[in-house]
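1. Quick one, structure for this:
(one chain, ligands or ions: 2)
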Amino acid sequence: MADRTEMIAAADRIAVHPSFGALVDQLRAAAPVHLVDQDDAATAHAAHLVDAVGGSSKRTLVNVPAWLRAELLDALGVYARTLPGRACRHAPTSARPGPVVAATWRPGWVVCLDCAPILGDPWQVCSWCGADGVQVATVQAGVLLYQVPVCRACRPQVMADAG
Ligand SMILES: [Zn+2]
Ligand SMILES: [Zn+2]
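-> Ligands and ions are numbered 1, 2, ... in the order given. So this is what the prediction gives:
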């Protein structure tokens, strides 16, 4: 298997490519209908959850900073089983779509909603600049709810709708 960093870089080039939307459409057209339906339902569920959490934001892979996109792609790669990683005992995977949770302070882990507590306590410092006085932001990308502690100064680059 290629080096993890190389795989993330390759995924990143695809994710920001102008044809990415068309590729997703083709993959959806080729995928079994029940999987597409389950994935849509899981994405809608994740979106609903992120709406219910204060200080959260729905993002696409294109409109987040590169450092965060690499982390989102890593978590999605673990979920899709294209990257090695760790999971809760329910072993969430894109073969059985459902909302999943990952966190910047637990790299390589992807767990189901019920098992989110096993990700442990968040960092008390900003994921990006290391400052303290952080709040955990929840970023939704498809089925993924990704938790990132960020300081007030870094918050706008993570949260599109941050005030
Ligand atoms: Zn679980
Ligand atoms: Zn910061």
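
2. for Ala87, what are its contacts?
-> 78, 93, 109-111 (Cβ atoms under 8 Å, 6 or more residues apart in numbering). Quick note: C-beta positions are derived from backbone N, CA and C, even for glycine.

3. ok, which pair from those residues is furthest apart?
-> Distances among the contacts of Ala87 were taken as Cβ to Cβ; the most separated pair is Thr93 and Trp109, at 13.6 Å.

4. Confirm that Arg13 sits in a helix.
-> Yes: counting by DSSP: H, G, I helix; E, B strand; the rest coil, Arg13 is found in a helix.

5. What is the helix or strand hosting Ala47 packed up against?
-> Using DSSP states H and E, Ala47 maps to helix 33-52. Here helix 33-52 touches strand 56-58, strand 134-141, strand 144-151, going by 3 or more Cβ pairs under 8 Å, 6 or more residues apart in numbering; DSSP states H and E.

6. so which of the contacts of Ala87 is the most crowded?
-> Scoring the contacts of Ala87 on neighbours with other Cβ atoms under 10 Å, the highest-scoring entry is Val110 at 30 neighbours.

7. Contact residues of the chain facing ligand 2?
-> Residues of the chain found near ligand 2 (Cβ under 5 Å from the ion) are 126, 128-129, 131, 151, 154.

8. quick one: which of these is nearest Pro97?
-> Comparing the residues of the chain next to ligand 2 against Pro97 with Cβ to Cβ places Trp128 closest, at 29.8 Å.
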